[in-house]
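> Compute the structure for the input listed below.
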Amino acid sequence: MGPLWKALPEGWRTGQVKNIATVTLGKMLQSKDSGSDSRAPYMRAANVQPDGVLALDDANEMWFRAGELEQLSIRAGDVVVVEGGQGGFGRAAYVDQDLPGWGFQNSINRLRPRGECDGRFLAFYLIALRASGFIRAYVNVVSMPHLTAEKLARIPIPLPPVDRQRDIADYLDRETARIDTLIEEQRRLVEMLRERRESAIRAVLLRGLDSEAPLRASGSEFLGSIPSAWNVVPTRHLCTITTGDEDSGNATEDGAYPFYVRGREILRSNAYAFDGEAVMTPGDGQGGTGKVFHYFDGKFQAHQRVYVFTDFHGIAGRYFYYYLSTFLRPIALAGSNTVTMESLRRPLLAGFPVAVPPSDEQTRIVGYLDEQTAKIDQLIAETERFIELSQERRAALITAAVMGRIDVREAA
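Have a look, this model is predicted:
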């Protein structure tokens with residue numbers, strides 16, 4: 001693959017990253033026993049966000065030997081680039097403040113500009129390179145790519161005069177800040193909509209649709225009072241609890257059946273082990289224990305660490321889905337000996353208390369919740385799509401500017 005650009009404006013030249021910056025790889029984590037002298041905060045991959053922002057609130061510390069902190073210092077004007085990781089390699093950020101006493105880990109490359117180079121321009125170029133997918137061309141690794149210091153140094157880069165670099169960086173600082181503000185506002189809207197959705201579901205699952213129905217004590221401190229016609233029943237008396245027996249590696253891209261695994265993503269399979277109405281939640285996994293739930297009615301496959309609730313009796317499967325997805329985590333977490341909920345165990349699920357209305361009321365509740373959540377889900381989807389388009393516009397704007405496709409002096 002050639003460079004990201006096809007033609008450059010007059011007066012621009014081309015070079016490689018090593019021509020304008022010194023590239024230094026950080027050090028591996030070490031213990032005190034390795035001969036280190038002092039502990040200090042350090043930059044790591046998690047501190048570099050995909051949008052080119054540094055998140056420094058979450059600072060870890062590691063041991064450094066005498067003299068290493070001076071060699072591995074981070075100061076204003078530097079650019080940091082993530083070296084490895086499945087989804088993180090190539091993330092870049094400009095450092096706009098001195099970080100006295102900080103070092104950086106070997107997951108980070110530090111680029112220290114020299115000569116006629118504006119570090120902001122360099123950072124924006126690397127952001128564009130990653131957003132376009134071109135960064136992979138300079139990694140040459142299919143699985144677990146690593147952007148080593150040597151590879152990073154050889155990446156080609158367009159080089160306008162330094163005053164033009166500053167104009168471009170000033171323009172992008174201003175325009176990306178506007179887009180980022182808009183994106184943040186939309187993210188807050190999504191969070192508000194999700195809270196409204198959860199609140200609406202909780203209210204109905206605890207009190208029903210009849211606000212004047214008499215109440216009684218549920219016997220559960222968390223549930224409090226419930227309508228007097230409802231019963232509290234352990235899950236084991238309402239359905240069968242089992243698990244799948246497949247591994248994610250057995251998924252087929254164009255399989256005929258949905259394959260529920262330990263993350264939020266639903267894969268596909270050419271075989272199925274279940275046929276009917278079911279609710280699923282991972283026992284552990286990437287999606288967050290007690291945070292991922294699925295409802296499905298038909299043929300499907302399930303991972304060996306995904307719990308499958310089937311054969312419902314005395315409760316509608318969809319009502320159970322709403323109830324489990326709303327209350328499992330807070331109720332189970334309150335009664336768990338762990339605070340992280342790293343995994344769910346079958347006894348906990350079997351004893352999970354469910355407030356069960358009469359069947360006709362379950363039907364009305366499900367109909368109401370389906371209607372209300374569909375409206376909110378549509379608003380969330382539209383807002384998330386707006387965020388996605390804004391992020392695409394941001395990436396396209398950065399690419400156009402660092403490639404000289406727009407004259408930022410006229411656009412100012």
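> So, low pLDDT: which residues of the stretch 301-412 of the chain?
Within the stretch 301-412 of the chain, the segments meeting pLDDT under 70 span 332-343, 411-412.
> quick one, strands of it?
306-310, 353-356 (DSSP state E, counting those that start in this stretch).
> Would you convert these into CSV that also reports mean neighbour count?
C-beta: built from backbone N, CA, C; applies to glycine. Output for the strands of the stretch 301-412 of the chain, formatted as CSV (neighbours: other Cβ atoms under 10 Å):
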stretch, mean neighbour count
strand 306-310, 21
strand 353-356, 21
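> Can I get those strands in a markdown table including distance to residue 205?
Converted to a markdown table, these look like this (distance: least, Cβ to Cβ, whole Å):
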| stretch | distance to residue 205 |
| --- | --- |
| strand 306-310 | 16 |
| strand 353-356 | 7 |
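> Can you pull the domain assignment for the protein?
Listed by automatic domain parsing, the domain ranges of the chain are 13-159, 209-356.
> Please identify which of those domains is closest to residue 189.
Smallest distance to residue 189 across the domains of the chain (Cβ to Cβ): 18.2 Å, for domain 13-159.
> and the end-to-end length of that closest one?
5 Å (Cα to Cα, to the nearest Å).
> tell me the mean pLDDT over that domain?
In this model, domain 13-159 has a mean pLDDT of 85.
> How far away from the center of its chain is that domain?
Relative to its chain's centre, domain 13-159 lies at 21 Å (Cα atoms, centre = their mean, to the nearest Å).
> now the strands for the stretch 151-300 of the chain?
Counting by DSSP E, counting those that start in this stretch, the strands of the stretch 151-300 of the chain are 156-159, 215-217, 225-227, 231-234, 240-243, 257-260, 266-269, 274-282, 294-302.
> okay if I get the domains of the chain as a markdown table plus distance to residue 178?
Putting the domains of the chain into a markdown table (distance: least, Cβ to Cβ, whole Å) gives the following:
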| stretch | distance to residue 178 |
| --- | --- |
| domain 13-159 | 13 |
| domain 209-356 | 31 |
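> Residue 186: which of these is closest?
domain 13-159 (13.8 Å).
> Now do the contacts for residue 401.
Residue 401 sits next to 124, 168, 171, 172, 408 when contact means Cβ atoms under 8 Å, 6 or more residues apart in numbering.
> Could you tell me which residues make contact with the residue lying closest to residue 59 once chain neighbours are set aside?
Nearest residue to residue 59 in three dimensions, chain neighbours excluded: residue 41, at 4.3 Å (Cβ to Cβ, 6 or more residues apart in numbering). Shown in contact with residue 41 (Cβ under 8 Å, 6+ apart): 59, 60, 61, 99, 101, 102, 103.
> Cross-check the contact I'm expecting between residue 397 and residue 175.
Yes: at 6.0 Å, residue 397 and residue 175 qualify as touching, with contact defined as Cβ atoms under 8 Å.
> all helices of this protein, in order?
17-20, 68-71, 119-132, 149-153, 162-207, 317-334, 346-350, 359-402, 408-411 (DSSP state H).
> Among these, show me which one is buried the most.
Most buried of the helices of the chain by mean neighbour count (mean count of other Cβ atoms under 10 Å) is helix 119-132; its value is a mean of 24.
> that older thread, out of the strands of the stretch 151-300 of the chain, which is closest to residue 206?
Comparing the strands of the stretch 151-300 of the chain by Cβ to Cβ, strand 225-227 comes nearest, at 6.5 Å.
> partners of the closest one in the sheet?
Here strand 225-227 is paired, per DSSP bridges, with strand 215-217 (antiparallel).
> Name the nearest residue to the residue sitting furthest away from the middle of the chain, ignoring sequence neighbours.
Distance from the C-alpha centroid of the chain, by Cα atoms, centre = their mean, peaks at residue 214 (43.5 Å). Leaving aside its sequence neighbours, residue 214 sits nearest to residue 228 (Cβ to Cβ, 6+ apart; 4.7 Å).
> That neighbour against residue 210, yeah?
No: using Cβ under 8 Å, residue 228 is not in contact with residue 210; the gap is 11.1 Å.
> circling back to that earlier point, which one, of the helices of the chain, ends up nearest to residue 298?
helix 317-334 (11.9 Å).
> who touches that closest one?
198, 201-202, 205, 220, 222-223, 235, 238-239, 277-279, 281, 289-291, 293, 295, 297, 309, 312, 339, 341, 344, 348-349, 352-355, 357, 362, 365-366, 369-370.
> again with stretch 220-231
By Cβ under 8 Å, 6+ apart, stretch 220-231 touches 206-208, 210, 213-218, 232, 327, 330-331, 334, 353, 355-358, 361.
> For that stretch, what is the distance to the chain centroid?
36 Å.
> do the same with stretch 292-305
With Cα atoms, centre = their mean, you get 22 Å for stretch 292-305.
> How about it, which residues are buried there?
If you call a residue buried by 16 or more other Cβ atoms under 10 Å, then stretch 292-305 has these buried ones: 292, 293, 294, 295, 296, 300, 301, 302, 303, 305.
> burial count for the residue nearest to residue 84 when sequence neighbours are not counted?
Setting aside the residues directly before and after it, residue 84 is nearest to residue 146 in space (Cβ to Cβ, 6+ apart), at 4.2 Å. Each residue near residue 146 was counted by other Cβ atoms under 10 Å, and the total is 14.
> distance of the nearest residue to residue 103 once chain neighbours are set aside from residue 26?
Excluding its sequence neighbours, the residue lying closest to residue 103 (Cβ to Cβ, 6+ apart) is residue 72, at 4.1 Å. For residue 72, the distance to residue 26 equals 6 Å [Cβ to Cβ, to the nearest Å].
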